[in-house]
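1. here is a sequence with its predicted model. Questions after.
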Amino acid sequence: MSAINKLFRKYVIDPPAEGKVQLARSLVVGVVATLVDMGSLVVMKEFLGLRDHTVIAATIAYILGLVTNYLLSTFWAFRGLNTKKRGVEFAVFAVISLIGLGLNNLIIMLFEKVLGPRQVLGAWLNADKYYIIGKIVATVVVFVWNFGMRKLLLYRGKPAADNAATGDAVNPPAP
């Protein structure tokens, strides 16, 4: 097997046994979920009549990104890790995510309601577009929060390949 093929299998196909593989996959998951989240936010604010309802648009967009993130995290980025109870896993995931949503909305509103009207970034950006800069900042902050807390609280178990001897499921059922 070639070196490229081995790397591809390690980073894309095989269960992620190493923290650096989990981090790399989490970054990919984060990019995809961010595209869903940010794209949804901009579409709702600019085209679907939620221009004056940033918190509503940001919350709906965050939830769409969150569902994308949960599915990709569970079945790819941290696939095969020892998470025996899906209900508990989802509850912890939801609490971490709700805190992330709070951070997300707080940062977006800070940019839109405080920094935008003061034009702190200069005249190159209209005050009504500061929510986009806020979303970019929020994305970085919330990614660090979500990855750190999920890794610490949810996905710290041994890879499922190591659990084969104990009879734990390699691909546990969906919630």
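-> That came through, no problem.
2. now do the same contact list for Val92.
-> Neighbouring residues of Val92 by Cβ atoms under 8 Å, 6 or more residues apart in numbering: 153-154. All C-beta spots, glycine's among them, are computed from the backbone N, C-alpha and C.
3. so which bits of the helix or strand hosting it are buried?
-> Per DSSP states H and E: Val92 is located in helix 86-109. Buried residues in helix 86-109, counted by 16 or more other Cβ atoms under 10 Å: 89-90, 92-93, 96-97, 100-101, 103-105, 107-109.
4. mean confidence score for that helix?
-> For helix 86-109, mean pLDDT rounds to 87.
5. which parts of this structure are helices?
-> 3-8, 19-46, 54-72, 86-109, 116-118, 130-153, 160-163 (DSSP state H).
6. any regions of this structure where pLDDT drops low?
-> Applying pLDDT under 70 to the chain picks out residues 1, 80-84, 155-175.
7. check the gap between Gly116 and Ser97 for me.
-> Separation of Gly116 from Ser97 (Cβ to Cβ, to the nearest Å) stands at 26 Å.
8. I meant Leu121, not that one.
-> Leu121 sits 29 Å away from Ser97, taking Cβ to Cβ as the criterion.
9. and what of Leu71?
-> On the measure of Cβ to Cβ, Leu71 and Ser97 end up 13 Å apart.
10. same question for Phe147.
-> Taken as Cβ to Cβ, the span from Phe147 to Ser97 is 12 Å.
11. ok, Pro15 next?
-> Pro15 is 23 Å from Ser97, by Cβ to Cβ.
12. for Val42, same thing?
-> 21 Å.
13. with Lys10 instead?
-> 28 Å.
14. repeat for Gly122
-> 34 Å.
15. then Leu115?
-> Distance of Leu115 to Ser97, computed by Cβ to Cβ: 25 Å.
16. next: Gly49.
-> Gly49 is 26 Å from Ser97, by Cβ to Cβ.
17. equivalent analysis for Ile107, please.
-> 15 Å.
18. Pro117 too?
-> Using Cβ to Cβ, Pro117 is found at 30 Å from Ser97.
19. list the buried ones in stretch 25-34?
-> In terms of neighbour count (16+ other Cβ under 10 Å), stretch 25-34 has its buried residues at 25-26, 29-30, 33-34.
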